[in-house]
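# Below are the sequence and a predicted model for it; my questions follow.
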Amino acid sequence: MASLETIEQALEKVKDPEIPVLTIKDLGVLRGLERSLDGKLKVIITPTYSGCPAMYTIEQQIKQVLSRLGEDAVSIETRLDPAWTTDWMTEEAKQKLQDFGIAPPEGSSADKRALFGEERQVTCPYCKSRNTFMKSQFGSTACKSLYQCKDCGEPFDYFKCL
Amino acid sequence: MEQEKQKAALNLSLVMGDNALILGHRLSEWCGHGPILEQDIALSNIALDLIGQARLWLSHAGKLQGGKSEDDLAYHRDVFDFHNFQMVETPNGHWGTTLLRQFVYDAWHHAMLQKLVLAQDEDIAGIARKSLKEVNYHLRWSSEWVIRLGDGTEESGAKMQEAYADVWPYVGELLQKDTWLTELEQLIPGFQADEIISLWWKTVREVFSQANLSSEPMDWLYRKGHLGHHTEHLGYILAEMQFLPRAYPDATW
């Protein structure tokens, strides 16, 4: 029986299929590991968005990684509450996003702007200019918006605050 | 008392879940047909959020019904068992009609969720908290579009006014103090249906005035979608949506 530490380390291999530079731990999708007295292992995860199509793939990957450690009777619990927030993303994760060409969430999700407020200032991940604008609130996946840089002209994804 | 709470929770989960499911399905029909790529993607994203939320609500409803699954409820009920508003099953019409319907629904959805996060039932409050974060984005997007089109060119303004005439007759259902809504006082201490209605009006008035849309009073068609009274459109949606699991009951991914 592998220790929870070993298991946590092994789960570092499970990446978000839509953002392959981030692990589920970086994202804050992995919420916990529990071993009951009879030895059964439970992995607790939370979805980023309710309709996130990556969740199924993530569950499959978790099972695959753990079965290599001999953990076959794993149950995966999806816990909704507390709801996932971009605040759970580690600084390291934000750096990885930036290097991958996705602007990381800026500021805290707690600062909700009113129905119509100033648009958030986002830094271009390529040339680091702040002179950017939002092209569309919804991007290539549920968690991103589409921005464009006015200086280098590159369009880029912004991981929006939630 | 416990039984009344359970009944209120079930009715609520079915209304919220069926609205999200049917509207999500309708919006998905735009996928590949949006006016420009970014907006095609935006609507598909919103459809995806709604389908995700429908899964949460219907899973909860299934649990309250003694262990049915989300799929049992989505695929193995007929028209008369669906609790969604008639508005969400109406055909998409043109871009302006879809957007206006989306906006009035988002305004209602947002107002509802703001109250549901206060529910004592942790499952309901949890689903509401999760959904509210997503619906914030939906409402902002649809509001911006209603303003852009309403206050845009002469043609876009006229089309939005036309859309208003198509959508408005279905709005009444969102603003009735029906039993499923008033019985929420079982789940949320101090709940008042009037608060949802006035929150909705506040958002709608604000956006309509910025969009230069006139909201002349119109008669409301009111046919109680939440009790299973539907337009002919829902049957066609279900025929498409339910075909596979009904034709091949043991099919799995």
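It's in.
# residues contacting residue 141?
If you meant another chain, say so; for now it's chain A. Taking CB atoms under 8 Å, 6 or more residues apart in numbering or on different chains as the contact definition, residue A:141 lies against A:18, A:19. In this view, the C-beta of every residue, glycine as well, is placed from N, C-alpha and C.
# meant chain B actually
With CB under 8 Å, 6+ apart, residue B:141 has these contacts: A:137, A:138, B:42, B:46.
# Out of the residues you listed, flag the one nearest to residue B:230.
Nearest to residue B:230, judged by CB to CB, of those is residue B:46 at 22.5 Å.
# Tell me the buried residues within the contacts of residue B:141.
Buried residues within the contacts of residue B:141, defined by neighbour count using 16 or more other CB atoms under 10 Å in any protein chain shown: A:137, A:138, B:42, B:46.
# taking those one by one, which sit in strands?
Among the buried ones among the contacts of residue B:141, no member is found in strands (DSSP state E).
# Around chain A, pick out the residues from the stretch 151-253 of chain B.
Residues of the stretch 151-253 of chain B lying near chain A by CB under 8 Å from any CB of the partner chain: B:203, B:206.
# so where is chain A shaky, pLDDT-wise?
Where chain A drops to pLDDT under 70, the residues are A:108-119.
# Close to chain B: what parts of it are there?
Chain A comes close to chain B at residues A:47, A:49-53, A:80-85, A:109, A:112, A:115-116, A:135-140, A:142, A:146, A:160, A:162, as judged by CB under 8 Å from any CB.
# try it again with 7 Å
Applying CB under 7 Å from any CB of the partner chain, we find that chain A lies next to chain B at A:49-52, A:80-81, A:83, A:115, A:135-139, A:142, A:146, A:162.
# how about these, which pair is most distant?
Pairwise distances among these were taken by CB to CB; the largest, 33.1 Å, belongs to A:81 and A:135.
# Mind putting the buried ones among the contacts of residue B:141 into JSON lines with distance to residue B:87?
As requested, the buried ones among the contacts of residue B:141 are arranged in JSON lines below (distance: CB to CB, whole Å):
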{"residue": "A:137", "distance to residue B:87": "23"}
{"residue": "A:138", "distance to residue B:87": "22"}
{"residue": "B:42", "distance to residue B:87": "20"}
{"residue": "B:46", "distance to residue B:87": "16"}
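# Could you single out the nearest of the residues you listed to residue B:136?
The shortest approach to residue B:136 among the buried ones among the contacts of residue B:141 belongs to residue A:137, at 10.6 Å (CB to CB).
# How about the contacts made by the closest one?
Neighbouring residues of residue A:137 by CB atoms under 7 Å, 6 or more residues apart in numbering or on different chains: A:145, B:42, B:137, B:140, B:141.
# Please enumerate the helices of the chain.
In the absence of a named chain, this looks at chain A. Listed in chain order, the helices of chain A (DSSP state H) span residues A:4-10, A:24-27, A:54-68, A:91-100.
# Hmm, no, I was thinking of chain B.
Going by DSSP H, chain B shows helices at B:2-28, B:37-64, B:70-75, B:95-116, B:122-150, B:154-167, B:179-182, B:193-210, B:233-241, B:243-247.
# Including mean pLDDT, could these go into CSV?
Supplementary listing: those in CSV, determined by pLDDT from 0 to 100:
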stretch, mean pLDDT
helix B:2-28, 96
helix B:37-64, 95
helix B:70-75, 95
helix B:95-116, 97
helix B:122-150, 95
helix B:154-167, 95
helix B:179-182, 94
helix B:193-210, 95
helix B:233-241, 97
helix B:243-247, 94
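# Count the neighbours of residue A:28 for me.
When neighbours are defined as other CB atoms under 10 Å in any protein chain shown, residue A:28 has 19 of them.
# Could I get the phi/psi values of the residue of chain A found nearest chain B?
Proximity of chain A to chain B (CB to the nearest CB) peaks at residue A:51, 2.6 Å away. Note on residue A:51: backbone dihedrals following degrees, to the nearest 10 are phi -100, psi 20.
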